[in-house]
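Novice: The sequence and its predicted three-dimensional model are supplied below.
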Amino acid sequence: MTIPTPSSCPTIRPLLLCLFFGLLSCVLWTPIQNTLAGAPIKVGLEQNPPLSFINEKGKPSGILIDILTVVADQEGWRLEFVPNTFDKCLESLKTKEIDLMVTIAYSKQRAELYDFNAINVIANWGQIYIPHRSSVQSYFDLSEKRIAVIANDTHHLALHSMLDQFGIKAHYLPVDNFDAVFRMVDSGQADAGVVGRFYALQNESHYPRLKASPIVFNPIEVRYAVPKGTNDYLLAALDKHLKILQADTASPYYQSLERWLGLTKKTTAPKWVLFVIWTAAGIILALLLFSFFLGARIKARTSHLQAEIRERNKAEEARQNSEHKYSELVNNANSIILRMDAQGHIIFFNEFAEKFFGFAQNEIIGQHVIGTIIPVQDSLGQDMEQMIQAICRTPESFINNENENMRKNGERIWVSWTNKPLYAADGTLESVLCVGMDVTARREYEAQLLHQTTYDQLTGLPNRDLLSDRINRAVKADDQRQKTMAILLLDLDNFKLINDTIGHTLGDQLLQAVGERLQNSLGHADTVARLGGDEFVVWQDNLLDKGQTAHLAEEILALFTPPFQVEGREFFISVSIGIALYPEDGHSIDLLLKYADVAMYHAKKQGKNNYHFFTRSINQELHLRMETERLLRRALERDEFLMYYQPQVNVLDHTIFGIEALIRWQPATDLVPPAEFIPILEETGMILVVGEWILTTACTQAKQWLDAGWPPFILSVNISARQFQQPDF
């Protein structure tokens, strides 16, 4: 019996190929059967437009509903929507009362409670909304504020955690949905509210009295979720369809984004094309191998030369297929991919990199990365050419790095790079493969957070934290130079009275005007900062002598001679300055600020609108005053105050017509003169309590004298001006 060969029976090979393709198609494309065929899938739905909501016709709607409906139609699922609040949807998911939940943000904590699909559906983030009149500008302004939130929402939990880290206490008002958050803030029941940005984009126009604050936080991925350990087929099917939908810019996925958000569709090759290419290449390779081995068995006596030729042809074809697959993979990747030689010249630039940077192939290939996609210096002053040289010299040290890049139009962006060194056969560095990802949004978000924590939100000046950091750096760098530095603490004279008179809004504008004048006029100073309230600090580094500091203080006093203009009104205000020197007075920022405050208090005591250097003598005076104040606070309790009564006598008939009540203080054995403790009572406000005791004691004594038969007389009691300001006086 003669076995037919491919050449003798030309129909065998096509039949074998058809059989092979048929079997492979069955294996690859057999659909996964629904394990719950016929049973409805219960879908938890919260009111969170435009992601998911019940529309005015009572129908489920939104981006995630559109996508789920498309998948359900293709999979043959029957959906049963269960509308509820977000909190109750989560509880139903945990107790398995629903099979699937839409509009749930992915987090590691939630992944321990529920199972999520792998592909992100859409990204979202949190936004703080406030009334137009509100002054909330940073996280610190949220202290003691009433904040409306959706209970257990990821934005609520993230904000709570962030404020706790800063030690900021806020009062959270839980509601069921974002619309309720807006209503709470609009009605004044809450000072601020946490809203998802997508919802805000569609609904903020309904609340014209509200505005978005500068506080944004908690970038999240919105996915689908099922109860833990159940319904894996739902997640697998969703990921399968999402992969296909996101790869096709004309798919219902992008139509839904355009419909609800008006987002521009990205242009990228469908990911299923890569799958087809890989599959086809695998089939071709398998067929070639099959053909080779079949031919080898049939043609056992074929010459060695023919076999070698076939081997070479097969290898060349495989190489070409491999290069084709690599080229397709790299050019269709949604990442920046480039290669540069050991000197930093670009030798490969994929299509995504072309679109991202704005360069065509003929404009970029062969060019050095410096001056094209990387600036000579970044915004921080780093020499980028030295960095590139270091990467090419020791690539293993720069497997990952993040640096500032630039587009063809000059726009600066931040890119996170992963670098892979490629070596020649002799072990020398041939090139570096670089894969990059745009991280500009994250860097801007981090910069915003840093600015909120290091700069005063009212004046834009550095705050205490940034001032401390700069001074501490200067002190650490001063081990060798032994230079002199000065801290000048400025306190506006009588600002509380002005603020109470003109109102806090104009008061804030006056503080802004003061900060602006100090910043513009003292450019030679190292730092002008605001500590809070009406206190400012001027820090001068590397002073020559004490006289230079005195000249700076006189210059500051002169700045306050012209009036400040606020909303067409003129305000005259002076300032008292306390000065502490490094290293003469101390080595730490806290100690220097404390001594500057002591000196400033002394300047105010001497009549205000002047300056005073810290000395040990005024420090001792302050300690004596503080000790006197401490003892005075216990004087009433210890019954240490005495009342002396000085009679007023008629010189003609020597009769007593009046008596003056005089207070004395005897904390131990010696009497303390009134001039030493009365001013402290006035400054601390204790005069109100002590003044009431004086009146009560004097009137009680007068009554006793009258009861004893004394004729009527005038009783004189000294009253503090602060007592007349009390409504019950």
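Specialist: Perfect, thanks for sending it. Quantities reported herein were computed from a predicted structural model and do not represent experimental measurements.
Novice: wait, what's in contact with the closest residue in space to Gly533 that isn't next to it in sequence?
Specialist: Nearest residue to Gly533, sequence neighbours excluded (C-beta to C-beta, 6 or more residues apart in numbering): Phe495, at 8.0 Å. (C-beta placed from N, C-alpha, C; glycine too.) Neighbour list for Phe495: Gly507, Leu510, Gly533, Asp534, Ile573 [criterion: C-beta atoms under 8 Å, 6 or more residues apart in numbering].
Novice: Could I have the buried ones of the residues you listed as PyMOL selection syntax?
Specialist: Restricted to buried positions by 16 or more other C-beta atoms under 10 Å, the PyMOL selection for the contacts of Phe495 reads:
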select buried, resi 507+510+534+573
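Novice: Pick out the most distant pair among the contacts of Phe495.
Specialist: Spatially, the most separated pair among the contacts of Phe495 is Gly533 and Ile573, at 14.0 Å (C-beta to C-beta).
Novice: rewinding a little: phi, psi for the residue nearest to Gly533 please.
Specialist: phi -70, psi -30 (degrees, to the nearest 10).
Novice: hang on, the earlier thing: now flag whichever of the contacts of Phe495 is closest to Leu591.
Specialist: Gly533 (20.8 Å).
Novice: how much space between that closest one and Leu593?
Specialist: 14 Å (C-beta to C-beta, to the nearest Å).
Novice: before we move on, back to that, adding secondary structure, write the contacts of Phe495 out as CSV.
Specialist: As requested, the contacts of Phe495 are arranged in CSV below (DSSP: H, G, I helix; E, B strand; the rest coil):
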residue, secondary structure
Gly507, helix
Leu510, helix
Gly533, coil
Asp534, coil
Ile573, coil
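Novice: Now Val175: phi and psi?
Specialist: phi -130, psi -180.
Novice: Could you shift the numbering so residue one becomes 254, and keep it that way?
Specialist: Okay, residue one is now 254; in that scheme the one you just asked about reads as Val428.
Novice: Please list all residues in contact with it.
Specialist: So Val428 contacts Ala401, Val402, Ile403, Ala404, Val434, Met437 (C-beta under 8 Å, 6+ apart).
Novice: And what about the residue sitting furthest away from the middle of the chain, helix, strand or coil?
Specialist: Distance from the centre of the chain peaks at Asp906, with 83.4 Å (C-alpha atoms, centre = their mean). Following three-state DSSP, the label given to Asp906 is coil.
Novice: Repeat that for Glu683.
Specialist: Going by three-state DSSP: Glu683 is strand.
Novice: Near it, how many other residues are there?
Specialist: 15 (other C-beta atoms under 10 Å).
Novice: Adjacent strands (with direction) for the longest strand belonging to the chain?
Specialist: For the chain, the strand that runs over the most residues, judged by DSSP state E, is strand 463-480. Sheet pairing for strand 463-480, assigned by DSSP bridges, gives strand 353-358 (antiparallel), strand 367-369 (antiparallel), strand 375-384 (antiparallel).
Novice: And that strand, what's buried?
Specialist: 463, 466, 468-471, 473, 475-480.
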